[in-house]
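1. A predicted structure for the sequence below; I have some questions about it.
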Amino acid sequence: MTDSTTGQPDKAVLIDMYSKMSLIKQNDEHARKLLMSGRLPMIYYSPRGQEVIPSAVSVNLNQDDYICTIYRGTHDMLAKGVPLDALWAELAGRATGTCKGKGGPMHITHPESGCMITTGIVGSSMPIANGLALASQVKGDGKVTVAYFGDAASNIGAFHEALNMASVWKLPVVFVCQNNRFGEHTRFEKATAVGKVSDRAASYSMPGIHVDGNDPLAMHAAAKEAIDRARNGGGPTLIEAMTFRFYGHVFGDADGYMDKAEKEAAMAADPVPRYRQWLIDQGHASEADLGAIDAGHEVNIKSAIDKALDAPWPDVSELYKDVFINDLAAV
Amino acid sequence: MSKQITTLQAINEAMHHAMAADPTVMLFGEDVADPEEGGVNGASKGLSTKFGDLRVRSTPISEQAIIGAAIGAAMAGMRPVAEIMLMNFMTVAMDMITNHAAKLRFMSGGQTAVPLTIRCTTGAGFGTAGQHSDFLEAWFAHTAGLKVVTGASPAEVSGLLNSCIFDDDPCIFIENLPAYWQKGDAPTDPGARIPLGVARIARPGDDVTVITYGPQVAVAQAAAETMAAEGVGVQVIDLRTIVPWDRETVLNAVAKTGRAVVTHEAVKAFGVGAEISSVIHEELFSDLKAAVQRVGAPSCAVPYSNPLEKAFVPDADKVLAAIRKTLN
């Protein structure tokens, strides 16, 4: 997987990371275009600008490793392998969606690809990730669980309870904080008493890694170190991956609270084309190779959207199914 | 006479049986392992020694983390029993319980199940006041996706707890603290299961039906004794399961007697009794000989001072007054 002298991942992994980043970027572009067109009204939290983090994490995970993610999570899901067709059908609220249209954009679940939960509650991915990791520890199945969350989630109690328990029990879990500099509309510095979320790891006697989450190689190295540690019984790690969200908190957000120059600078340093160019410059791939990857994703995303918008709506009888294992009587 | 055991022994033996029967059953909560004395009341004594530290763990005082860990473990194929020391402490973990445990099966379209059991205890009588003795079952009953269960004797507690542990949905199992040290018949088998959603006729009677659960079953039975001396037959139904509640047994019974009282230790306003009373009125209005009466605690915190605490908990006199109201 990696070159032992440079620590750099081998070519196949470098290209795989790009492929995931390209998929996430294009998927987001289609989502926003569709929202603008009015063809698919939905609640949507764009992950644009944060593509590198889950791409670099996921190439270090197996299919049956678990992730727990949050409402801003399509990048985490796609990187882990949630299929486009079922994802888009769920975004569109259709019967063919991952969750039969009953969860929607904030609650995508797809155990086959290891996406065990997407929560709409800030901070709640972490205590549940502990439980998945606990099951792995008891069963000895060697799986690792990754909990994704934002910088603001490090200020809620669940973060502190979960990190403490994970450390006391040496659980095979990796906490990945995607620090995109804002909690909803409030700047990180205004809401957080420490300069670095990763410093909080010290309170729980676990390694804390502060990394440029927009640098694919640095992010890959950080993720590999943490995932290897978890898999080898070394317990949890807190990674703070620095990034920037390009399109505000929720789609339609006017971004009035953001510094325009800061945002423009972040967008000018867009990590996806930057990495694409690096791959070409370093001779890892040709323009044609990467163009073929991009074009393949484009076809698949368009097809998934078309299928989703043509798919049937769930039957109203679904209201009485999946509440409990046995269906409820309609009332 | 069959063997007599306390409710605590019944819980302990049921847990031993469940953990021996199924390696996916785990227990964690504050102080539950043997070095911490097997729980503050000793309900889990012996379990960590017998089944090991991997499966039985004392936790930090972190209710969100406890329930979160139970949810994740349940999603990954375990059958965790999470002990929340007192029912009031569940409030600290409400996000985990109501937004996650209750809803994940539905919101995932049936892909993820959460077969966990949350054991908690509560009940007034020991002067522990407003943050250590509330009955909060209505909160959980109002959230779709949770089963809410409570037993009224050692054998009932054992059989219902076994069913919760092996149920495929999240169960809130409410234990009554004052009943922990009360003795009753032992279950015939510590692994016996009493099915969820099936009420029990605790006492037959032809004139008035009292519907209740948990510690109020004994209160209702005392009231029924008094009425029997006056020639009135009071039937007592122990719901056992608050969600899903046994509508069929309750409606069939009240259709015959035409008179009903619902009583619980929880605050009366917006309580479980309101739901049951409403359903009886909706379904049996023309069969009723009197309006359904509700008995419950007043709308205040559980008070500390002994006379206040005694007045707070519905007693047989209050149930009697409600029964008499249906007869007038």
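-> Thanks, I have it.
2. who does the helix or strand harbouring A:Val299 touch, helix- and strand-wise?
-> Element membership of A:Val299, judged by DSSP states H and E, is helix A:287-310. Using 3 or more Cβ pairs under 8 Å, 6 or more residues apart in numbering or on different chains; DSSP states H and E, the elements in contact with helix A:287-310 are helix A:11-37, helix A:84-91, helix A:271-281. The C-beta positions use only the backbone N, C-alpha and C, and glycine is treated the same way.
3. In it, which residues are buried?
-> Residues of helix A:287-310 classed as buried by neighbour count (16 or more other Cβ atoms under 10 Å in any protein chain shown): A:Leu290, A:Ile293, A:Asp294, A:His297, A:Glu298, A:Asn300, A:Ile301, A:Ala304, A:Ile305, A:Lys307, A:Ala308.
4. try stretch B:82-93
-> Going by neighbour count (16+ other Cβ under 10 Å), the buried part of stretch B:82-93 is B:Ala82, B:Glu83, B:Ile84, B:Met85, B:Leu86, B:Met87, B:Asn88, B:Phe89, B:Met90, B:Val92, B:Ala93.
5. so which of the helices and strands packed on helix A:287-310 is the most packed in?
-> Mean neighbours per residue, mean count of other Cβ atoms under 10 Å in any protein chain shown, is largest over the helices and strands packed on helix A:287-310 for helix A:84-91, with a mean of 23.
6. can you give me the angle that helix makes with helix A:287-310?
-> Angle, helix A:84-91 to helix A:287-310, by axes from the mean of the first three to the mean of the last three Cα atoms, to 10 degrees: 40 degrees.
7. Can you list the helices and strands that the helix or strand following helix A:84-91 packs against?
-> Next in sequence after helix A:84-91, counting helices and strands by DSSP H and E, comes strand A:115-119. Here strand A:115-119 touches strand A:66-70, helix A:74-80, helix A:125-139, helix B:63-75, going by 3+ Cβ pairs under 8 Å, 6+ apart.
8. which residue ranges form the strands in the stretch 201-331 of chain A?
-> Taking DSSP state E, counting those that start in this stretch as the criterion, the stretch 201-331 of chain A carries its strands at A:208-212, A:237-242.
9. on that earlier part again, of all the helices and strands packed on strand A:115-119, which one comes closest to B:Gly52?
-> Comparison of the helices and strands packed on strand A:115-119 against B:Gly52 by Cβ to Cβ identifies helix A:125-139 as nearest, at 9.7 Å.
10. distance between the helix or strand that comes right after that closest one and the chain's centre?
-> Proceeding N to C from helix A:125-139, the next assigned helix or strand is strand A:145-150, under DSSP H and E. From the chain centre to the centre of strand A:145-150 is a distance of 8 Å (Cα atoms, centre = their mean, to the nearest Å).
11. now stretch B:118-128
-> Its chain's C-alpha centre and that of stretch B:118-128 lie 11 Å apart, by Cα atoms, centre = their mean.
12. Stretch A:230-249 too?
-> In terms of Cα atoms, centre = their mean, the centre of stretch A:230-249 is set 10 Å apart from its chain centre.
13. buried set for that stretch?
-> Applying a neighbour-count criterion of 16+ other Cβ under 10 Å, one finds A:230-231, A:235-249 buried in stretch A:230-249.
14. go on, stretch B:31-49?
-> B:Asp31, B:Val32, B:Ala33, B:Asp34, B:Gly38, B:Gly39, B:Asn41, B:Ala43, B:Ser44, B:Lys45, B:Leu47, B:Ser48.
15. Spatially, which two of those residues are the most separated?
-> Distance extremes for the buried residues of stretch B:31-49: the farthest pair is B:Asn41 and B:Ser48 at 15.5 Å, using Cβ to Cβ.
16. How about B:Lys45, nearest residue that isn't a chain neighbour?
-> Nearest non-adjacent residue to B:Lys45, counting by Cβ to Cβ, 6 or more residues apart in numbering or on different chains: B:Gly38, 3.2 Å away.
17. separation between that neighbour and B:Glu30?
-> 12 Å (Cβ to Cβ, to the nearest Å).
18. Equivalent analysis for B:Phe89, please.
-> Taken as Cβ to Cβ, the span from B:Phe89 to B:Glu30 is 9 Å.
19. Please apply the same query to A:Lys260.
-> 50 Å.
20. Tell me which of those two has more neighbours.
-> Higher neighbour count among A:Lys260 and B:Glu30: B:Glu30, with 19 against 9, using other Cβ atoms under 10 Å in any protein chain shown.
21. need the contact list for the residue lying closest to the more buried one once chain neighbours are set aside.
-> Nearest residue to B:Glu30, sequence neighbours excluded (Cβ to Cβ, 6+ apart): B:Met85, at 5.2 Å. Residues counted as contacts of B:Met85 (Cβ atoms under 8 Å, 6 or more residues apart in numbering or on different chains) are B:Gly29, B:Glu30, B:Asp31, B:Val40, B:Cys120, B:Thr121.
22. helix/strand/coil for the fifth one?
-> Applying DSSP: H, G, I helix; E, B strand; the rest coil to B:Cys120 yields a three-state assignment of strand.
23. Pull the contacting residues for it.
-> By Cβ under 8 Å, 6+ apart, the neighbours of B:Cys120 are B:Glu83, B:Ile84, B:Met85, B:Leu86, B:Met87, B:Phe89, B:Met90, B:Ile172, B:Phe173, B:Ile174, B:Glu175.
24. rerun at 6 Å
-> B:Ile84, B:Met87, B:Met90 (Cβ atoms under 6 Å, 6 or more residues apart in numbering or on different chains).
25. how about the second one, phi and psi?
-> Summarising the backbone geometry of B:Met87 under the convention degrees, to the nearest 10, its torsions are phi -60, psi -40.
26. so which of the strands of the stretch 201-331 of chain A gets nearest B:Thr7?
-> strand A:237-242 (42.8 Å).
27. List the neighbours of the closest one that are in contact with it.
-> With contacts defined as Cβ under 6 Å, 6+ apart, strand A:237-242 is touched by A:53, A:174-179, A:197-198, A:201, A:206-213, A:222, A:226, A:229.
28. Now the residue of the stretch 201-328 of chain B found nearest chain A: closest residue in space, sequence neighbours ignored.
-> Chain A sits closest to B:Pro244 of the stretch 201-328 of chain B, with a gap of 7.7 Å, by Cβ to the nearest Cβ. Nearest residue to B:Pro244 in three dimensions, chain neighbours excluded: B:Gly197, at 4.5 Å (Cβ to Cβ, 6+ apart).
29. Tell me the pLDDT of residue 21.
-> Went with chain A since none was named. What the model reports for A:Met21 is a pLDDT of 98.
30. look at chain B instead
-> 98.
31. From chain A, how far out is it?
-> Counting by Cβ to the nearest Cβ, to the nearest Å, the separation of B:Ala21 from chain A is 16 Å.
32. ok, that residue to B:Met15 distance?
-> Distance of B:Ala21 to B:Met15, given as Cβ to Cβ: 11 Å.
33. neighbour count winner among those two?
-> B:Met15 (28 against 13).
34. What is the three-state secondary structure of that one?
-> helix.
35. Pop the domain breakdown of chain B in here.
-> B:4-185, B:200-327 (automatic domain parsing).
36. about what we covered before: using JSON lines, please lay out the buried residues of stretch B:31-49 together with secondary structure.
-> Below are the buried residues of stretch B:31-49 laid out as JSON lines (three-state DSSP):
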{"residue": "B:Asp31", "secondary structure": "coil"}
{"residue": "B:Val32", "secondary structure": "coil"}
{"residue": "B:Ala33", "secondary structure": "coil"}
{"residue": "B:Asp34", "secondary structure": "helix"}
{"residue": "B:Gly38", "secondary structure": "coil"}
{"residue": "B:Gly39", "secondary structure": "coil"}
{"residue": "B:Asn41", "secondary structure": "coil"}
{"residue": "B:Ala43", "secondary structure": "coil"}
{"residue": "B:Ser44", "secondary structure": "coil"}
{"residue": "B:Lys45", "secondary structure": "coil"}
{"residue": "B:Leu47", "secondary structure": "helix"}
{"residue": "B:Ser48", "secondary structure": "helix"}
